[in-house]
Each structure stands twice: as structure tokens, then as C-alpha cells.
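> I need the structure of the sequence given here:
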Amino acid sequence: MAKNINNAAIVETDLFSELSQLVEQTQQQVIVQNNSALTLLFWEIGFRINETMLHNKRAEYGKQIVPALSAELKNKYGRNFEEKNLRRMMQFADQFRDREIVVTLSRQLSWSHFLVILPIKNAEAKLFYASQVSDQLMSVRDLRRQIATKAFERTSIANIQTASSEDNLQYSFKDPYLLDFLNLGNAYLEKDLEQAILDELEKFILELGKGFSFVERQKRMIIDGEDFNLDLLFYHRKLKRLVAIELKLGKFQAKHKGQMELYLRWLDRYEKQDGENTPIGLILCAESSREQIELLEMHKDGIIVAEYWTDLPPKKQFEEKIHSILAEAKEKIERKYLSE
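Numbering: from 1, shown residues only. The predicted structure is shown next:
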């Protein structure tokens, strides 16, 4: 009898767990569906107001209709329809004019995400950040950080470098990488940097970008009876490649290329699996020595060099630095095509 009671209790516990999971999954689906429906509703409202104002070109009419509509909608449906919110809906519909794109994005982006994206002036940047949220299931807080740290501009630098190097690998990487979230202070060793990255692995992967997954730290390689250790090993799903990452405290040096080449050859021989492409390397340095990198033609050996910043400079200085790197990359590609 006792055994039957225990079995019944186990069955009941398992059933409760299964039903709880079903309830929670459904609740999550309802939340997502509600968010999507609300976002589409706000787009439709903005679209209809914009259309009405476009067809009735009297300026005085435009000034009157929004406050009047807001007063009635707010009275019937609540604070979501205050005048400033209606104007945001109009802005939303004006900036994202393709309803099908909005339908797709609304499955992952909440209205709060769109409110963060709307003030961005560059149309390409808007779609970039919207895609980032959709692809990486990014929170509103993480989205704000990506915008504040100029992720679009840093990816644009990589894109320009891709065009100048005739190598599409660079497209998947940024320059510089912003690692201010590691809170390292002024003095640290390479092992401290590595440990801090592992402690904040989720944030580090978010900074790396879409498609990266962590494989191993201090990857051991025995070559000619001697031990070598790669700092970090990742895998990139879209590229279908292992990504070897070496961390350097100082400025890039030419000898770093030889070290990374050795690691990549070893990984290609002993770790690459069927269906994978040749491993690539990312050398993260405090300073990247751009002329040396250009002369060494690192990209031809599947090696990318990028800077990392452990402290964010003041906003104005940061923007000037990013602008400078962009200008330098554009100048490089212009020189390339002028010489051809």
C-alpha cells in the first residue's frame, strides 16, 4: 500500500511539473503575442493618423487632430494614448513604413525596444539595431548599451575593412571591442583579463556579436613535446569555424601573427570537424598597430586584429575616436581603388 502511495505521489509530482511547464510556456507565448499585437496596434494607429493628415493638407487641421484624438482615446482607453504617445506612434509608422517588416520585428521587439530605436537618425542604424534585438533576443537594457557604445559604427568599420581587404570574414567582427563591463581598473595581467571575460561571459559574447558560442579556455596544444595554451576558443555558427582568441595587454607586435598561425594550423589539423571551415584567429590588443597589420596582410591568413577598450572615454572623445577610425578605414579603401 505504501509503495502505491509513493508511486502515486511521484506520478502526481511529475504531472504537476509537466503541467506547470505547459502553463509557463503558454503564458510566455501570450506575453509575446500581446506585445506583438500591441506594437502592431500602435503602428496601425500611427499609420492611419499619418495617412489622414497627408490627405488633408491644411496645416491647422494637422495641429488640431492629434490633441483631439488623444483626448478622446485617452478618456476611453487610458494613458497609452496621451498626445506624446500618439506622436511616437506616428513617428514609428513614418520611420518603419513597411508593415511586413514591422510584423516580423514585432515578434521579438517590444514597443519599449522601438521607443529606444526611434530617436536614431540613421535609417540603416535603426534596422541594424532592430535586427540585433531580433537575432540575439536582446533586452532593452542591452539594446541601450549597444547604441551607447556605437555598435553600428564599429560594425561599419569592420565592413569597410572587409571591402578593402577583399575578405568577408572581417564582417563578423567589430573594432574596437568595448570591455568596460569587466571593471578591471588600471592595472591587470592577461590572466586577470581572461578571468574577467569568463566571469562576464554572457556580456562578452553579446559584445562579440551574433553567432559566437564558447568552447574552451586555455586550450592545451602539445607541439614537439612542448605545451602551448590558447587563451580562449569559440565557435561561430554562421561561419562554421572555430575562432581562436588571443588576449594581448599591449600594442600589437608582428610576432603575434606567428603565434596565432601556429595555433590555427594545430586546430585545423586536430580539432576541425567534418563540415567545418578552416579555423580563424582574433587577436585582441590594447592597441592595434594598423600599418603593421596592413603590411603583414593578416586577413590572408585568416587572422583579425582588433583593439579592446576596458574603459569608455567621455562621450565626445569616444565619438571622435570612432569617427577617426571610420575615416581611416575609408581612406584606406579609397587608396586601394585609386591604385588599381
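> what about this protein, any weak spots by pLDDT?
1-33, 56-62, 158-172, 329-330, 332-340 (pLDDT under 70).
> now do the helices in it.
For the chain, applying DSSP state H gives helices covering 2-55, 59-77, 83-95, 99-105, 111-117, 123-136, 140-148, 151-165, 190-199, 201-208, 255-270, 290-296, 315-338.
> domain assignment for this protein?
Domains of the chain are assigned by automatic domain parsing as 2-107, 151-338.
> need these in JSON lines with distance to Leu118 and mean neighbour count, can you?
Yep, even glycine has a C-beta here, placed from its N, CA and C like the rest. As requested, these are exported to JSON lines (distance: least, CB to CB, whole Å; neighbours: other CB atoms under 10 Å):
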{"stretch": "domain 2-107", "distance to Leu118": "6", "mean neighbour count": "13"}
{"stretch": "domain 151-338", "distance to Leu118": "15", "mean neighbour count": "16"}
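> out of those, nearest to Tyr129?
Tyr129 sits nearest to domain 151-338 of all these, at 6.6 Å, using CB to CB.
> one step back: and the helices of the chain: which comes nearest Asp224?
Using CB to CB, those put helix 255-270 closest to Asp224, at 10.8 Å.
> what helices and strands are in contact with the closest one?
Helix 255-270 sits against strand 212-223, strand 226-236, strand 241-251, strand 280-287, strand 303-309, with contacts defined as 3 or more CB pairs under 8 Å, 6 or more residues apart in numbering; DSSP states H and E.
> please convert these to a markdown table, extending it with distance to Ile293.
As requested, these are exported to a markdown table (distance: least, CB to CB, whole Å):
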| stretch | distance to Ile293 |
| --- | --- |
| strand 212-223 | 22 |
| strand 226-236 | 19 |
| strand 241-251 | 11 |
| strand 280-287 | 9 |
| strand 303-309 | 5 |
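> reformat the domains of the chain as TSV; add distance to Leu143.
Output for those, formatted as TSV (distance: least, CB to CB, whole Å):
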stretch	distance to Leu143
domain 2-107	13
domain 151-338	10
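> now Gln91: closest residue in space, sequence neighbours ignored.
Distances taken as CB to CB, 6 or more residues apart in numbering put Leu118 closest to Gln91, at 5.6 Å, once the chain neighbours are dropped.
> quick one: contacts of stretch 206-220?
With CB atoms under 8 Å, 6 or more residues apart in numbering as the contact definition, stretch 206-220 has outside contacts at 132, 135-136, 138, 142, 146, 155, 172-174, 177-179, 181, 194, 198, 201, 205, 227-239, 242-244.
> starting at the chain centroid, how far to that stretch?
Relative to its chain's centre, stretch 206-220 lies at 14 Å (CA atoms, centre = their mean, to the nearest Å).
> same deal with stretch 292-312?
On CA atoms, centre = their mean, the centre of stretch 292-312 falls 20 Å from the chain's centre.
> check contacts around Leu40.
Leu40 touches Val102, Val103, Ser106, counting by CB under 8 Å, 6+ apart.
> Asn35 is in contact with the last one, correct?
Read it as Ser106. Yes: between Ser106 and Asn35 there is a contact at 7.4 Å, judged by CB atoms under 8 Å.
> what's the spatially most central residue of the chain sitting at in phi/psi?
Ranked by distance to the mean C-alpha position of the chain (CA atoms, centre = their mean), the top residue is Gly209 at 4.5 Å. For Gly209, the backbone dihedrals (degrees, to the nearest 10) come out as phi 120, psi -180.
> which non-adjacent residue is nearest Asp301?
Glu261 is the one closest to Asp301 (CB to CB, 6+ apart), at 5.9 Å.
> likewise Met90?
Gly46 (4.4 Å).
> surely the one you found is in contact with Arg97?
No: between Gly46 and Arg97 there is no contact under CB under 8 Å: 10.5 Å.
> from Arg220, how far out is the residue lying closest to Asn277 once chain neighbours are set aside?
Leaving aside its sequence neighbours, Asn277 sits nearest to Arg241 (CB to CB, 6+ apart; 4.7 Å). Separation of Arg241 from Arg220 (CB to CB, to the nearest Å) stands at 20 Å.
> just Phe96 next, same as before
Counting by CB to CB, the gap from Phe96 to Arg220 is 50 Å.
> could you do Ile45 as well?
For Ile45, the distance to Arg220 - CB to CB - is 60 Å.
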